[in-house]
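**Q** Can you look at this prediction? I've put the sequence above it.
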Amino acid sequence: MTQAILEVRNLHKQYPGVNAVNGIDFAVPQGICFGLLGPNGAGKTTTIEMMEGIIKPTSGEIFYKGEPQGARFRQEAGIQFQSTALQDFLTVRENLKFFGSLYPNGLPLEELVEICRLKDYLDRDASKLSGGQRQRMLLALALVNDPDVVFLDEPTTGLDPQARLNFWELVNSIKARNKTVLLTTHYMEEAYNLCDEIAIMDHGKIIAHGSPDALLAKHFQDVIIELPQSDFPEAAKDIPHRYLDKVRGTVEIITPDVNGTLAQLIQHGASLAGLQVRPRTLEDLFLELTGKELRA
Amino acid sequence: MMKRIWAAFYARTLEFLRDRSSLGWNLILPVALVFGLAFVFSGAGQPLFKVAVVAEQPANHPFLQTQHVNFYDITPQQVDTTVRKVGRHQVDMLLDLRAGQQHYWVNSDSQKGYFLERLLEGSPDGAQLTKQSVKGEEIRYVDWVVPGILGMNLMFSCLFGVGFVIVRYRKSGYLKRLNATPLSASEFLLAQVFSRLLLVVAVTSLVFTGTNLFMHFTVEGSYLNLLLVLVLGAFTLIALSLVVAARVSSEELAGGLLNLLTWPMMVLSGVWFSMEGTNPVMQWLSQLSPLTHMLSAARAIMLDGAGLADISGHLLVLAGMSVVFLLIGAATFKWTAD
């Protein structure tokens, strides 16, 4: 196995009356995209901010390249927070130059502009960028020191689908440069597409850890058949099923035997015109593990 | 380290210079105040009669019973300075009631001195005092008040311009982002201090030079010394703002704390009127304000032609305050808002 670039051991963070992070251990191998997932309030951002050195753990240890996280980490890490304000009245170019000056080494401005596709906005006031342009600039700021590890905390929240897809391409291009990426996201599709390894957190603990496919294979040996409620005959009611969405009227059948279930449906006279068979997704796993109740 | 300080200094200065409304306000307000006050006080000076008294024990001369005259005690060491002030029309009369002295000083060119002398002569035992005549041109109120106006404007600019901005940076999460870089707290703070220092010194010098073309202020001492007082005073006030901004993340609270500092300083530092003759507690409190030392040093240079040795006490106090404020500000500084 590749050597871990980051490792946390028995990490705890307590706030008055709350155990935000409750004794977690994991290691992030070099050169992969590692996803930290969990519902709101699960402790993801607290964990990632402890790993970034922004907040101090109550107890536990964090190692970077085998050494306790220190000054070297600050030089070699790039960070994009959930929301970052910058100084007013500065252009994209000035922001990149300013942040670049804070590090002894870094990427040339032209290369950053190329990677993050900022050429057309370089002399625009940073406060006047669109959501997608702004996230690309913030990513460029995170890459300004040519970091070995890049933290991206919910980088695509609030972006439209095009901007999100565009951002995924950027993350893949960073991975291709052999950087380690640590990503938190609410979008399971994003985690599945970008992450080589994920850890799902809930109530301050890690409840699942592994590659997305391995986790899906471990937890699910079945697939989902969905069909409109109007196509689901009364006679088929004996097939175990559930009403997924009462508004749209969809019936969901979870089964390890697709052929057998389809044969049963045909036998009971169900129309297959609107039927869909889909494999289990990370979202199913997420909901299965963390429940469906609304979180704050 | 210098590269990082320079980068943060440059970015902050650029931000301020591009904020046209803020820059305009910083230039227009002091100019308007200097001209406005010169116009308002272009007539007679303050209506109060001011008489300094030096005596070995609480004096009970009948003249001291005169109403509507502000008698205040001075020490024997202050006699020379006070005689100079009589010459400048800043004090209307000086009474020396010590045994074996029994003099009074009055400026023969002063209208108020003339009336006070008539009152003294008319009071019992008044004729026993011998007259010591002093000559000298009156210091216009605008000459006396211009360091106060510029100092007050500078105080607001230093305290709000740095303290408020850092609190805003903290609240918006910008400081958190900087915390993720190798920039240290002291490097960041020094950059903020030097950026604001450059701006307030430039703005104040520009306003002083510009208004001086029309008002022809009295400057007996060295302009370089005046610049030194300006730089050191501004530095102390900026350092003070770092103490306020070290941990606060609420703009409302920061505004309240800054007002709590600036308003007493404005009243107690001798911006508009001299603290001489006021309540001793107020005089003691005024010594705690950096603005007091800055204004006293500036007025001593401008009006009395004082040199560096004469104002060294004020300069030392300002330097000492700066060190203490910077240490507290850097030690208690917090990047995040929690």
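**A** Structure received. Numbering: from 1, shown residues only, chains lettered A, B, ... in the order given.
**Q** can we go C-alpha only for contacts and neighbour counts from here?
**A** OK.
**Q** State the number of residues packed around the residue nearest to A:Thr47 when sequence neighbours are not counted.
**A** Spatial nearest neighbour of A:Thr47, excluding adjacent residues (CA to CA, 6 or more residues apart in numbering or on different chains): A:Val21 at 6.8 Å. Neighbour count of A:Val21, defined by other CA atoms under 10 Å in any protein chain shown: 27.
**Q** do the same with the one 5 residues further on
**A** A count of neighbours around A:Phe26, defined by other CA under 10 Å, yields 16.
**Q** Now do it against chain B, distance only.
**A** Remark: distance between A:Phe26 and chain B (CA to the nearest CA, to the nearest Å) = 22 Å.
**Q** buried sites along the strand or helix carrying that residue?
**A** Taking DSSP states H and E as the definition, A:Phe26 sits inside strand A:18-29. Neighbour counts over strand A:18-29 (16 or more other CA atoms under 10 Å in any protein chain shown) mark A:Asn19, A:Ala20, A:Val21, A:Asn22, A:Gly23, A:Ile24, A:Asp25, A:Phe26, A:Ala27, A:Val28, A:Pro29 as buried.
**Q** what distance separates the lowest-mean-pLDDT helix or strand in chain B from the centre of its chain?
**A** Across the helices and strands of chain B, mean confidence by mean pLDDT, DSSP states H and E is lowest for helix B:20-40: a mean of 78. Here helix B:20-40 shows a centroid-to-chain-centroid distance of 18 Å under the convention CA atoms, centre = their mean, to the nearest Å.
**Q** Number of residues surrounding the nearest residue to A:Ser173 once chain neighbours are set aside?
**A** Closest residue in space to A:Ser173, ignoring its immediate chain neighbours: A:Ile115 at 7.9 Å, by CA to CA, 6+ apart. By other CA under 10 Å, the residues close to A:Ile115 number 18.
**Q** And the residue in the stretch 51-200 of chain B that chain A sits nearest to, what's its pLDDT?
**A** Proximity of the stretch 51-200 of chain B to chain A (CA to the nearest CA) peaks at B:Tyr174, 4.9 Å away. Per-residue confidence (pLDDT) for B:Tyr174: 92.
**Q** Could you do A:Asp284 as well?
**A** The model reports A:Asp284 with a pLDDT of 87.
**Q** before we move on, what about B:Thr336?
**A** Looking at B:Thr336, its pLDDT reads 83.
**Q** Not counting sequence-adjacent ones, nearest residue to it?
**A** With CA to CA, 6+ apart as the criterion, B:Thr336 has its nearest non-adjacent residue at 5.4 Å, and that residue is B:Lys176.
**Q** Ramachandran angles for residue 125?
**A** This is for chain A. Backbone torsions for A:Asp125, taken as degrees, to the nearest 10, come to phi -60, psi 130.
**Q** now A:Gln229
**A** The phi/psi pair for A:Gln229 (degrees, to the nearest 10) is phi -60, psi -30.
**Q** hang on, the earlier thing: I'd like to know how far the residue nearest to A:Thr47 sits from A:Gly41.
**A** Distance from A:Val21 to A:Gly41, counting by CA to CA, to the nearest Å: 10 Å.
**Q** tell me, what's touching these two both at once?
**A** Common neighbours of A:Val21 and A:Gly41 are listed as A:His203 (criterion: CA atoms under 8 Å, 6 or more residues apart in numbering or on different chains).
**Q** burial count for the closest residue to chain A within the stretch 1-150 of chain B?
**A** Closest approach of the stretch 1-150 of chain B to chain A (CA to the nearest CA) occurs at B:Arg4, with a separation of 5.0 Å. Using other CA under 10 Å, B:Arg4 has 22 other residues around it.
**Q** what about it, is that helix, strand or coil?
**A** What DSSP: H, G, I helix; E, B strand; the rest coil gives for B:Arg4 is helix.
**Q** ok, for it, nearest residue in space, not its chain neighbours?
**A** A:Leu102 (5.0 Å).
**Q** Flag every residue of chain B that's near chain A.
**A** B:3-4, B:7-8, B:11-12, B:14-15, B:18-19, B:169, B:172-174, B:176-177, B:179-183 (CA under 8 Å from any CA of the partner chain).
**Q** Sort out for me which of those residues are in strands.
**A** Counting by DSSP state E, no part of the residues of chain B next to chain A is found in strands.
**Q** residues touching B:Ile328, list them.
**A** By CA under 8 Å, 6+ apart, the contact list for B:Ile328 reads B:Val243.
**Q** what about it, helix or strand, and which?
**A** Using DSSP H and E, B:Ile328 sits in helix B:312-332.
**Q** CA atoms of that helix as CSV?
**A** Coordinates of the C-alpha atoms in helix B:312-332 are reproduced here as CSV (Å, rounded to 0.1, in the frame of the first residue of the first chain):
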residue,chain,number,x,y,z
SER,B,312,11.4,63.6,24.9
GLY,B,313,9.0,62.8,27.8
HIS,B,314,6.0,62.6,25.5
LEU,B,315,8.0,60.7,22.8
LEU,B,316,9.0,58.1,25.5
VAL,B,317,5.5,57.7,26.7
LEU,B,318,4.2,57.2,23.1
ALA,B,319,7.0,54.6,22.4
GLY,B,320,6.3,52.8,25.6
MET,B,321,2.5,52.7,24.9
SER,B,322,3.2,51.4,21.4
VAL,B,323,5.3,48.5,22.7
VAL,B,324,2.7,47.5,25.3
PHE,B,325,-0.2,47.7,22.8
LEU,B,326,1.6,45.8,20.1
LEU,B,327,2.6,43.0,22.6
ILE,B,328,-0.9,42.7,23.9
GLY,B,329,-2.4,42.8,20.4
ALA,B,330,0.0,40.1,19.0
ALA,B,331,-0.3,37.9,22.1
THR,B,332,-4.1,37.9,22.1
